[in-house]
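Engineer: A structural model of the following input is requested.
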Amino acid sequence: MLVIESRKENWKGFAYTSASINTLGKDSFPVNTRMEIRAKLPKGKGIWPAIWMIGIDIKTVDWPACGEIDLMEYLGRTPGVIYGTFHWQDASRADSALHRAKGDSTQFNDASENFHVYGVERTADNLSFFVDDKYFFEFEADNSVKGDLFRHPFYLLINTAVGGDWGGDVDTTIFPQRYYVDWVRVFDMN
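Structural biologist: Residues are numbered from 1 along each chain as shown. As a prediction, the model looks like this:
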């Protein structure tokens with residue numbers, strides 16, 4: 001089992017350490033796939049575990065033009081709420097560099113006590129987000145999404161951030177925190 005542990009410790013001028021898995025340059029996932037990750041999440045104010053994907057062209061087109069799929073984000077300051085979001089650059093106007101995002105959330109009050117399966121199904125023009133096969137958000141590409149954005153491969157990231165813009169203030173008494181990942185599965189839907 002993969003364990004990502006977040007600790008309160010000084011390291012190179014930072015007050016906390018954590019870790020991430022990043023498959024850029026190692027593996028990527030094409031269109032028409034279903035990705036599932038079985039995990040048990042860390043908890044506490046300031047903890048921000050995530051399972052997300054970024055377009056492999058990030059080094060040439062930058063973010064948000066490469067696209068970002070947040071299969072699961074969890075904020076310790078809003079326990080029990082699981083978020084799924086898609087981020088992209090608005091392509092509806094030639095001069096636009098506007099970051100757009102659309103998502104939703106669902107409630108799972110035991111995400112830090114029990115394992116759940118977080119996932120997304122991705123087709124050429126649709127994303128469907130789910131927890132334990134309960135779908136809670138669907139995104140259909142519209143004219144603001146660049147035509148091939150859903151069709152190019154994405155790489156996977158699994159990490160825990162501590163604090164940050166969305167993670168918020170940190171309760172310094174909660175450490176260490178552990179994020180358990182039992183497995184990652186990718187299914188070809190062709």
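
Engineer: So in that sheet, which strands flank the longest strand along the chain, and in what orientation?
Structural biologist: In the chain, with assignment by DSSP state E, the single longest strand is strand 177-188. Here strand 177-188 is paired, per DSSP bridges, with strand 2-11 (antiparallel), strand 33-40 (antiparallel).

Engineer: Could you list the low-confidence segments of the chain?
Structural biologist: Where the chain drops to pLDDT under 70, the residues are 94-96.

Engineer: What segments of it are strands?
Structural biologist: Ranges of strands in the chain, per DSSP E, are 2-11, 14-17, 20-22, 33-40, 47-55, 68-74, 81-89, 99-107, 116-122, 126-131, 134-140, 154-162, 177-188.

Engineer: So which residues make contact with the fourth one?
Structural biologist: Among residues not part of strand 33-40, those counted as contacts by C-beta atoms under 8 Å, 6 or more residues apart in numbering are 29, 49, 51, 53, 71-72, 111-122, 156, 158, 179-189. (C-beta placed from N, C-alpha, C; glycine too.)

Engineer: ok, of those, which come out buried?
Structural biologist: Those of these that meet the buried threshold are 29, 49, 51, 53, 71-72, 111-112, 115-122, 156, 158, 179-181, 184, by 16 or more other C-beta atoms under 10 Å.

Engineer: still on that earlier bit, could you list the residues in contact with the longest strand of the chain?
Structural biologist: 1-6, 21, 29, 32-44, 47, 49, 115, 156, 158, 160.

Engineer: Same check on stretch 113-124?
Structural biologist: Outside stretch 113-124, the residues within contact range by C-beta under 8 Å, 6+ apart are 29, 31-40, 51, 53, 69, 71-72, 82, 84, 108, 127-133, 150-151, 154, 180, 182, 189.

Engineer: 6 Å instead?
Structural biologist: 31-38, 40, 51, 71-72, 127-132, 150-151, 182 (C-beta atoms under 6 Å, 6 or more residues apart in numbering).

Engineer: Closest to the centroid, which residue in the protein?
Structural biologist: Centroid-nearest residue in the chain, with C-alpha atoms, centre = their mean: residue 52, separated by 2.6 Å.
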